[in-house]
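**Student:** Sharing a sequence plus its predicted fold:
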Amino acid sequence: MGPIRRFRVTQRALKRAMLGVSLRDQIRSEEIRRRTKVTDIAQRVAKQKWQWAGHIARRTDGRRGSKMLEWKPHTGKLSVGRPPTR
């Protein structure tokens, strides 16, 4: 199970606890989300991730983050076969 899915499961459990609703009540997740008016954790994580990427991209102090954004991979082809021994 991925971390986003675990976050969603935990968030739904916390929302149910906030509302005092049990799993046995069989209330849909959409209804719980509508009642609590709390944003989905996956959307929040994605937004925070893009905000962090923008923060890193705007840095001008020469640290690794901006260098990684400007990195250009080698475009030549590798030779076929075993590399030569040194």
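**Tutor:** Done, it's in.
**Student:** for this protein, which spans come out with low pLDDT?
**Tutor:** Scanning the chain for pLDDT under 70 picks out 65-70.
**Student:** What count of nearby residues applies to the closest residue to residue 7 other than its chain neighbours?
**Tutor:** Excluding its sequence neighbours, the residue lying closest to residue 7 (CB to CB, 6 or more residues apart in numbering) is residue 41, at 4.4 Å. No exception for glycine: its C-beta is placed from N, CA and C like everyone else's. Neighbours of residue 41 under the rule other CB atoms under 10 Å: 17.
**Student:** Please apply the same query to residue 15.
**Tutor:** By the measure other CB under 10 Å, the count of residues near residue 15 is 16.
**Student:** Tell me the helices and strands packed up against whichever strand or helix holds it.
**Tutor:** According to DSSP states H and E, residue 15 maps onto helix 3-19. Using 3 or more CB pairs under 8 Å, 6 or more residues apart in numbering; DSSP states H and E as the contact test, the elements touching helix 3-19 are helix 29-36, helix 41-58.
**Student:** hey, C-alpha coordinates of the shortest one in PDB?
**Tutor:** In PDB, the C-alpha atoms belonging to helix 29-36 read as follows (Å, rounded to 0.1, in the frame of the first residue of the first chain):
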ATOM      1  CA  SER A  29     -16.600   8.800   1.900                       C
ATOM      2  CA  GLU A  30     -18.100  11.500  -0.300                       C
ATOM      3  CA  GLU A  31     -20.800  12.200   2.300                       C
ATOM      4  CA  ILE A  32     -18.200  12.300   5.100                       C
ATOM      5  CA  ARG A  33     -16.000  14.700   3.100                       C
ATOM      6  CA  ARG A  34     -19.000  16.900   2.400                       C
ATOM      7  CA  ARG A  35     -19.900  17.100   6.100                       C
ATOM      8  CA  THR A  36     -16.400  17.800   7.400                       C
END
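**Student:** Residue 18: what's it in contact with?
**Tutor:** residue 36 (CB atoms under 8 Å, 6 or more residues apart in numbering).
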